[in-house]
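Q: this one's sequence-less:
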């Protein structure tokens, strides 16, 4: 069904001991509550055909979920449910692993937040996992009253985000995209996934009339995504890079590649740069990654990132 | 702005009807109006062992943004009218999703087909052209593009895609050749399945991103990949005058861009640049067409342009 790629070990350089890149004050830490800090530029990669195990291994390589989820925390999860085509949505196995890890860490409540439809959650198999694991699925109407205005100091294209108000009743966010192709900007990863928490009306302001074709409009979209990421800072990102579409994204169906990896960390730019490389993209060619690095969201130069990888 | 217009097959928005009138023309337009897309859905025993699962969904015009959030623009660029989606289930519990897209013209349907196929799949005899990938099938016929997606690559699933596809193809009206521009690609060494027919910048950006809109307002274009690794792109501007004006704009951009370096400044028939990836990009002119060759060597890029002139 999909082409497997070999055990490519990306940039597993042992960067200088103790190298901790300053990624902007607090940018790599939990968004809401006092989740303990971890080193910013460590990216963990769990590899293997058992995706649940791969997710657990990736988090374990970062020191375990307890480093990110304080006891009694209310945890918000943001998987991608954009399409039900293979390789276009976050795998249910990964969601199951994350829910279990959060609960084991002592989370009081684990909820998936969304303004997508219940049908999308059902069709992707994610709702069944949520139900089986005793987590919550909180779906909201696309009603602007349900979104909280959040000013973005330093926002260049986006001065104000409108984030699901319910998010602010949670202590932290775990961002759970699937990395995949996108017909417009060629790449979807951690940064773009946060549009799933922002109001659809506000998201539309990212899209000028020629947002996929005119270079100025493309730049506006990419900058808006970077700005949104200044407003919302996940405590942890866990990316599905197990089986992904590398053509006809983001909706599919498209050609599948099977890196069989789950990628975790706090540095969104580093994770996205790594994931882009999985199917041969140069991170410098992905404008949101380049801008994110330039504006202090993270490290794009993977030779300066410390990788921890395990082949399950 | 992004109006959701999911419909139940009875109501029909005036704007969409107008688009279809323009697309279908005359008497055919009346047929379009009378025939909801769901009429082309196989039912009963049309695809042996497979039955409809649930109700169909239908979207038209900008309603496509509701169905394909983040991916509708390319359909709109080619010319989209409406779509119907129907799930199927086999007796053994396998699932498949059928999408029938009605595009504005046969050229638009072929273009979208060429955009979606990878070129690495298996060509199958269905409609006017079809490609079967490991778990999905695309084909086009007349104004229609059909995509069938299985949710695994089991033999039973793939057989189901082909059976449902054949049943749809038998119901769909119309036919039509590929756009004439496709036939102007030099045939020798052309990789089968590599041809992509484009109608705008989004299609072009997925083939070769110039990172500008200047001079790229072409009417139609076609891309072919060749066995020697070269890429040939023909952009047609409708008239020699429009092409001259556009090429002047594009050339000015390239000469001022940090991503492109002019190679050789002496006056020649062709103009050659090297891009930021080290690829050579040669340009030639022929009537209403701008001819672009991309290759790892200057010689190969110039040769493929010369062959197309």
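A: Cool, the structure landed. Fair warning: this is a prediction, and the values are worked out from it, not measured in the lab.
Q: Which residue comes closest to residue 178 once chain neighbours are left out?
A: Just going to use chain A. With sequence-adjacent residues excluded and distances taken as CB to CB, 6 or more residues apart in numbering or on different chains, residue A:178 is closest to residue A:240, at 4.0 Å. Just so you know, the C-beta spots here come from the backbone N, C-alpha and C atoms, and that holds for glycine as well.
Q: that answer is for a different chain, and I need it for chain B
A: In space, residue B:178 is closest to residue B:110, 5.4 Å off (CB to CB, 6+ apart).
Q: what's the helix or strand harbouring that neighbour packed up against?
A: Assigned by DSSP states H and E, residue B:110 belongs to helix B:106-116. The helices and strands touching helix B:106-116, judged by 3 or more CB pairs under 8 Å, 6 or more residues apart in numbering or on different chains; DSSP states H and E, are helix B:73-78, strand B:95-103, strand B:136-141, strand B:144-150, strand B:196-198.
Q: Check the offset of the longest helix seen in chain A from the chain's centre.
A: Counting by DSSP state H, the longest helix found in chain A is helix A:215-231. Computed by CA atoms, centre = their mean, to the nearest Å, the separation of helix A:215-231 from the middle of its chain amounts to 16 Å.
Q: For it, buried residues please.
A: A:215, A:217-231 (16 or more other CB atoms under 10 Å in any protein chain shown).
Q: Same check on stretch B:279-298?
A: Residues of stretch B:279-298 classed as buried: B:280-285, B:288-295, B:298 (neighbour count, 16+ other CB under 10 Å).
Q: what does chain A put close to chain B?
A: Applying CB under 8 Å from any CB of the partner chain, we find that chain A lies next to chain B at A:1-2, A:82-86, A:182-184, A:204, A:210, A:212-215, A:247-256.
Q: which residues touch residue B:215?
A: Contact analysis of residue B:215 by CB atoms under 8 Å, 6 or more residues apart in numbering or on different chains lists B:245, B:246, B:247, B:248, B:249, B:250, B:251, B:252, B:253.
Q: which one of the residues you listed has the most neighbours?
A: Counting neighbours by other CB atoms under 10 Å in any protein chain shown, residue B:250 leads the contacts of residue B:215 with 21 neighbours.
Q: Let me know the distance separating it from residue B:229.
A: From residue B:250 across to residue B:229, the span is 24 Å (CB to CB, to the nearest Å).
Q: Same question for residue B:188.
A: Distance from residue B:188 to residue B:229, by CB to CB: 14 Å.
Q: In helices, which of the buried residues of stretch B:279-298 appear?
A: residue B:298.
Q: which stretches of the stretch 201-312 of chain A form strands?
A: For the stretch 201-312 of chain A, the strands defined by DSSP state E, counting those that start in this stretch occupy A:236-241, A:244-245, A:256-258, A:261-265, A:306-311.
Q: any chance of those strands in CSV, plus mean pLDDT?
A: Shown next, in CSV, are the strands of the stretch 201-312 of chain A (pLDDT from 0 to 100):
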stretch, mean pLDDT
strand A:236-241, 98
strand A:244-245, 96
strand A:256-258, 96
strand A:261-265, 98
strand A:306-311, 89
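Q: Residue A:59: which of these is closest?
A: strand A:261-265 (5.5 Å; CB to CB).
Q: So what's the residue count around residue B:52?
A: Neighbour count for residue B:52, taken as other CB under 10 Å: 16.
Q: that older thread, and of the buried residues of helix A:215-231, the nearest to chain B?
A: When the buried residues of helix A:215-231 are compared for distance to chain B (CB to the nearest CB), residue A:215 wins out at 5.4 Å.
Q: Next, the buried residues of stretch B:208-219.
A: Using 16+ other CB under 10 Å as the test for burial, stretch B:208-219 gives B:209, B:210, B:211, B:212, B:213, B:214, B:215, B:216, B:217, B:218.
Q: Relative to the whole chain's centre, how far out is that stretch?
A: 17 Å.
Q: same thing with stretch A:80-92?
A: Stretch A:80-92 has its C-alpha centroid displaced from the chain centroid by 13 Å (CA atoms, centre = their mean).
Q: pLDDT of it, averaged?
A: For stretch A:80-92, mean pLDDT is 95.
Q: All the strands of the stretch 101-250 of chain B, residue numbers only.
A: Going by DSSP E, counting those that start in this stretch, the stretch 101-250 of chain B shows strands at B:122-124, B:129-132, B:136-141, B:144-150, B:196-198, B:220-225, B:231-236.
Q: Can you get me a residue count around residue B:262?
A: The number of residues near residue B:262, taken as other CB under 10 Å, comes to 12.
Q: Check which helix or strand the closest residue to residue B:57 other than its chain neighbours maps to.
A: Closest residue in space to residue B:57, ignoring its immediate chain neighbours: residue B:85 at 4.6 Å, by CB to CB, 6+ apart. Applying DSSP H and E as the criterion places residue B:85 in strand B:80-90.
Q: Adjacent strands (with direction) for that strand?
A: strand B:50-60 (antiparallel), strand B:95-103 (antiparallel) (DSSP bridges).
Q: Now tabulate these in CSV and tack on distance to residue B:39 and mean pLDDT.
A: What follows is the strands paired with strand B:80-90, written out as CSV (distance: least, CB to CB, whole Å; pLDDT from 0 to 100):
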stretch, distance to residue B:39, mean pLDDT
strand B:50-60, 11, 95
strand B:95-103, 10, 97
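Q: Quick check: which of those is buried the most?
A: Comparing the strands paired with strand B:80-90 by mean neighbour count (mean count of other CB atoms under 10 Å in any protein chain shown), strand B:95-103 comes out on top with a mean of 23.
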